[in-house]
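[1] My questions are about this predicted structure, shown below with the sequence.
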Amino acid sequence: MTSAPLREPTSAQPSAVVPLSALAVAGVVLVALNMRTAIAEIPPVLPDLGLSSAAQAVLATVPVICFGLAALGAPALRARLGEERGLLLALVVLLVGLVLRAAWPENVGLFGGTVLVGCAIAVMNVLVPSLVRRRFPGHVGLMTGVYTTALVSGGSVAAATTVPLRDAAGGSLHLALGIWAIPLVVGIAAWLPQRGHRALPAGAGGREAIRALGRSPVAWYVTAFMGFQSLLYYAPLSWLPAIHRDQGIDPAIAGVLLSTMNLISIPTTFLAPVLAHRMRDQRKSVAGCVALTAIGLAGILLAPSSTALVWVVIMGLGQGAALSLALLMIVLRAGDDHTAARLSSMAQGFGYLLAAAGPLLMGLLHAATGDWSVPLLALIVLCGAELWAGLAAGRARVVHAG
């Protein structure tokens, strides 16, 4: 394991800059559009699923735990199938989980389908950054912005429309949850031509990758930043509609506010990696996005509910930038393609396991106190940990593993 000053990512491609393939770009966009719909459709209807407060907290935590555990095995799947076929398999598993949950939105189907959804998205979370680095070596910042923007957009649409769709269907959760299979089928069809793209040479599996990168402080800083920014995204994502409903806001409006938080993040999701890739390092960008997140959380805690839109907008801008910066750092801190895949597995594996504490902690604190003040204060404090990890990860260095 070595560390060195930052340089542009290397690639197996013969040229540092290659033309963008419209088919490949469209495929990545359609894959990314489906990477958050199955997660974002649940929070707006979470209070209506007939679950206890503890069961709601567990359900909100399940996908994030799956993100962490399944991500650790993604490099082995990448080595066996390659990124293109691995993503195709993940899309199919995601479809099965989504349909299972929509067909039986009771305890067994709800939790079982959510496990499949979480595992599929975990694999996609790891493989897409690695694929972007390999397939678009001269456009890493641009393509990171493109696919994270598509990812956020899909989640935003699902959050905004799930409750109206349920109401339009006479209260049917089956339709409201199952309709997202349609864009997923389109995404699978669009990705099918990519399955014949060249396979990757066999590489080290997840456990070997973690052992190799475990000796690098840089890898752990990237992992910690991924974890804290994910925690500060998934905790509000899971509970923000419930918070707003408890503040007296209409359930449909609460869903729209959640969608707004995601939609408003699109400009910073796209621009942050494009601009940060051109900077000497990413520390100033990190400080800005953490400040926005903390201000948004403080406003939700302290300000009247009539100003809720202001604070979700501010928080969304910070969260969008943080997500794309975390994914960009995985690519920029890695010295080669295989290290990028291994670092992606480590950062998202351990990072999401850390992030899983967020929805669970918020739910349990709310159940214990009967109020949202303590959970929101805890998130504001954790913004300090996100800042520490991000400033360390943002320094211009690279690591090599294997």
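    It's in. Residues are numbered from 1 along each chain as shown.

[2] Excluding covalently adjacent residues, which one is nearest to residue 260?
    Nearest non-adjacent residue to residue 260, counting by CB to CB, 6 or more residues apart in numbering: residue 312, 5.5 Å away. For the C-beta atoms, the positions are set from N, CA and C on the backbone; glycine is no exception.

[3] Tell me which helix or strand comes right after the regular element (helix or strand) spanning that neighbour.
    Using DSSP states H and E, residue 312 sits in helix 308-333. Moving toward the C-terminus from helix 308-333, the next helix or strand (DSSP H and E) is helix 337-355.

[4] can you dump the C-alpha coordinates of that next one into PDB?
    Provided in PDB are the C-alpha atoms of helix 337-355 (Å, rounded to 0.1, in the frame of the first residue of the first chain):
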ATOM      1  CA  ASP A 337      -9.100   1.000 -11.600                       C
ATOM      2  CA  HIS A 338      -9.000  -2.100  -9.300                       C
ATOM      3  CA  THR A 339      -8.200   0.100  -6.300                       C
ATOM      4  CA  ALA A 340     -11.200   2.200  -7.200                       C
ATOM      5  CA  ALA A 341     -13.500  -0.800  -7.100                       C
ATOM      6  CA  ARG A 342     -11.900  -2.000  -3.800                       C
ATOM      7  CA  LEU A 343     -12.100   1.500  -2.200                       C
ATOM      8  CA  SER A 344     -15.700   1.800  -3.400                       C
ATOM      9  CA  SER A 345     -16.500  -1.500  -1.600                       C
ATOM     10  CA  MET A 346     -14.700  -0.500   1.600                       C
ATOM     11  CA  ALA A 347     -16.100   3.000   1.700                       C
ATOM     12  CA  GLN A 348     -19.700   2.000   0.900                       C
ATOM     13  CA  GLY A 349     -19.600  -1.200   2.900                       C
ATOM     14  CA  PHE A 350     -18.300   0.200   6.200                       C
ATOM     15  CA  GLY A 351     -19.700   3.600   5.400                       C
ATOM     16  CA  TYR A 352     -23.300   2.400   5.000                       C
ATOM     17  CA  LEU A 353     -23.000   0.200   8.100                       C
ATOM     18  CA  LEU A 354     -22.200   3.400  10.000                       C
ATOM     19  CA  ALA A 355     -25.000   5.200   8.200                       C
END
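
[5] Past it, which element shows up next along the chain?
    Counting by DSSP H and E, the element after helix 337-355 in chain order, helix or strand, is helix 357-369.

[6] From the contact counts, what lies against that next one?
    Secondary-structure packing of helix 357-369 (3 or more CB pairs under 8 Å, 6 or more residues apart in numbering; DSSP states H and E): helix 53-103, helix 217-246, helix 373-393.

[7] the inter-axis angle of the second one versus helix 53-103?
    Per axes from the mean of the first three to the mean of the last three CA atoms, to 10 degrees, the angle that helix 217-246 makes with helix 53-103 is 90 degrees.

[8] Next, the angle from helix 217-246 to helix 337-355.
    40 degrees.

[9] Show me what counts as buried in helix 217-246.
    Buried residues in helix 217-246, counted by 16 or more other CB atoms under 10 Å: 218-246.

[10] how distant is whatever helix or strand comes next after it from the center of its chain?
    Following helix 217-246 in sequence order, the next helix or strand is helix 251-263 (DSSP H and E). Put simply, helix 251-263 sits 18 Å off its chain's centre (CA atoms, centre = their mean, to the nearest Å).

[11] for helix 251-263, packing partners?
    helix 140-168, helix 217-246, helix 308-333.

[12] quick revisit: and the helix holding residue 312, what's buried?
    In helix 308-333, counting by 16+ other CB under 10 Å, buried: 308, 311-333.

[13] Residue 285 contacts residue 271, doesn't it?
    No - look at residue 285 against residue 271 with CB atoms under 8 Å: they stay out of range, at 9.9 Å.

[14] So for those two, which residue has more residues nearby?
    residue 285 (24 against 17; other CB atoms under 10 Å).

[15] sorry, back to before: could you tell me which residues touch both of residue 285 and residue 271?
    Common neighbours of residue 285 and residue 271 (criterion: CB atoms under 8 Å, 6 or more residues apart in numbering): residue 321.

[16] And for the closest residue to residue 305 other than its chain neighbours, the neighbour number?
    Once flanking residues are discounted, residue 305 sits nearest to residue 247: 4.0 Å by CB to CB, 6+ apart. Residue 247: 14 surrounding residues under other CB under 10 Å.

[17] Check whether residue 247 really touches residue 311, as I assumed.
    No - using CB under 8 Å, residue 247 is not in contact with residue 311, being 11.5 Å away.

[18] The residue nearest to residue 260: what's it in contact with?
    Shown in contact with residue 312 (CB under 8 Å, 6+ apart): 240, 257-258, 260-261, 264, 296, 300.

[19] This completes my enquiry, with thanks.
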